[in-house]
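Peer 1: structure, please.
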Amino acid sequence: MTAMKLQKLVYYSQAWHLVWEEEPLFTDRIEAWANGPVVPTLYQRHRQRWQLTGADDLGGDTTALTEAQRRTVDVILEHYGSKPANWLSELTHRESPWRDARSAAGLSDGERGNAEITHASMYEYYDGLTSTDAQDI
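Peer 2: From the prediction side, this is the model:
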């Protein structure tokens, strides 16, 4: 998978885990970069690599996941895993957590920046979807 796709899947895992379990999946900061949400600590582990494999050391310990965390990741992979990286990036660009973080920081389209996408903004936006069109996620 591409590094960009991994970043978007991690973002959606965090966002939906916040909604479903009312707690973060992980504590690392997520930032609203020009190409969508990015976890900088994860980025540092795959920096300058386009394609990633299961053999790459990206940190983390899957055996430490709780059952609820594992369920979240599985559902995200099932729902978003077949989507191309660019599709996922464009989706995040249409959603308010990424847009609002960039807007609050005064960042224009394509401009580099490290505005934080807060847990509160993710929870508010994605929780709002649960009563509308995201019930099948």
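
Peer 1: got any ranges where this protein has weak pLDDT?
Peer 2: 47-59, 132-137 (pLDDT under 70).

Peer 1: so where's the longest helix in the chain?
Peer 2: Scanning the chain for the helix with the most residues, using DSSP state H, yields helix 3-21.

Peer 1: in that one, what counts as buried?
Peer 2: 3-20 (16 or more other CB atoms under 10 Å). Bear in mind the C-beta positions are built from the backbone N, C-alpha and C, glycine included.

Peer 1: what segments of the protein are helices?
Peer 2: 3-21, 40-46, 67-80, 85-94, 96-104, 119-129.

Peer 1: return the residues in contact with the nearest residue to residue 81 once chain neighbours are set aside.
Peer 2: With sequence-adjacent residues excluded and distances taken as CB to CB, 6 or more residues apart in numbering, residue 81 is closest to residue 9, at 6.9 Å. Taking CB atoms under 8 Å, 6 or more residues apart in numbering, we find residue 9 in contact with 76-77, 80-81, 88.

Peer 1: my guess is residue 15 meets residue 126, correct?
Peer 2: Yes: under the criterion of CB atoms under 8 Å, residue 15 makes contact with residue 126 at 4.9 Å.

Peer 1: gap between the closest residue to residue 62 other than its chain neighbours and residue 110?
Peer 2: Nearest residue to residue 62, sequence neighbours excluded (CB to CB, 6+ apart): residue 70, at 8.0 Å. Per CB to CB, to the nearest Å, residue 70 is found 36 Å from residue 110.
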